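Asks: A predicted structure for the sequence below; I have some questions about it.
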Amino acid sequence: MILTIICIISLFAGAVIIARKIHRKICRHLLFCLLILAVVAVGVFGNTFLRFQTPEDASRYLSTDPIVDTVEGENSCLVITQKDSSTFNNSFFMKDGGGYRVITPFQLQRNQMQLGNGRTASIYTIKGTMDDYVLFFDTAPIDSESVITDTNGTVFRTVTFETGAADNVIFAYAYVGQIGEDYEVYVTSSSRQS
C-alpha cells in the first residue's frame, strides 16, 4: 500500500514539473496518461511481485476492515470482510507457490443467476482455474431457518443479521467448484423447533 502511494506521488510530482514547461492542453493529456500508467503499473507490480503467506495477509493489504470468513477453493480463495453492520466486501486471491497474490479485475468474471422470487445470486469465476464462488443475499422470517443447497452438493456458509422487522437478512456464500449449464441453487425456509 505504501509502495502504491509512493509511485502515484512520484508520477504526479513528475507531471507537475513537466506541466510547468508545456502548454496547458498538452499538460492535461499528459497528466491523464501518466495517471492511467500509474494505476496500471501499480496493479501489474502488485500482482507480479507481491506474495502473501495467508489470504488474511493479502486481505489486510487491500483493506483494514475486519475479516468475517475465508473460503478456500482449489486454486484460489475468497475473503469476506465487513465494513459496517450491513455491508460486506469480498476479495479474491490466487494460490501461487505456497502463497497468495491479489487477483486483478481482468482475472475475475462475474455473472448473475436467478434464484426465484426475484432473488439473484452472483457467480464469480476465477479465469484460468475451475474455481467458481456463489454469493447472494436473502431474507427469511425471524422464526425460520434457511436451508441452502445446490446441484453440486455444496455446503453454503451464512451470516444472519437482524433488521428489526419481521424478516432477517441472510448473506450466503460458498466455493462451489466448477459449475455447468444445469447448475442451480435452492433456498428453502423451515420453521425452527423450539
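Replies: Received, thanks.
Asks: same question for the helix or strand hosting Phe137, mean pLDDT?
Replies: Assigned by DSSP states H and E, Phe137 falls within strand 132-141. Per-region confidence: strand 132-141 scores 88 on mean pLDDT.
Asks: make residue 1 into 57 and carry on from there
Replies: Happy to do that; since the first residue is 57 now, the last one works out to strand 188-197.
Asks: what number of residues lie near the closest residue to Phe149 other than its chain neighbours?
Replies: Nearest non-adjacent residue to Phe149, counting by C-beta to C-beta, 6 or more residues apart in numbering: Tyr156, 4.3 Å away. Glycine gets a C-beta too; all of them are placed from N, C-alpha and C. By the criterion of other C-beta atoms under 10 Å, Tyr156 has 25 neighbours.
Asks: check contacts around Tyr156.
Replies: Arg107, Phe108, Gln109, Thr110, Pro111, Asp113, Ala114, Cys133, Phe149, Met150 (C-beta atoms under 8 Å, 6 or more residues apart in numbering).
Asks: now go through those residues and say which are in strands.
Replies: Of the contacts of Tyr156, the ones assigned to strands by DSSP state E are Cys133, Phe149, Met150.
Asks: out of those, the closest to Asp121 would be?
Replies: Phe149 (15.3 Å; C-beta to C-beta).
Asks: which ones are touching the closest one?
Replies: Here Phe149 is in contact with Phe108, Pro111, Ala114, Ser115, Ser132, Cys133, Leu134, Val135, Tyr156, Arg157, Val158, Ile159 (C-beta under 8 Å, 6+ apart).
Asks: could you dump the residues you listed to CSV with pLDDT?
Replies: Shown next, in CSV, are the contacts of Phe149 (pLDDT from 0 to 100):
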residue, pLDDT
Phe108, 90
Pro111, 92
Ala114, 90
Ser115, 90
Ser132, 95
Cys133, 94
Leu134, 95
Val135, 95
Tyr156, 92
Arg157, 90
Val158, 89
Ile159, 88
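Asks: thanks a lot, see you next time.
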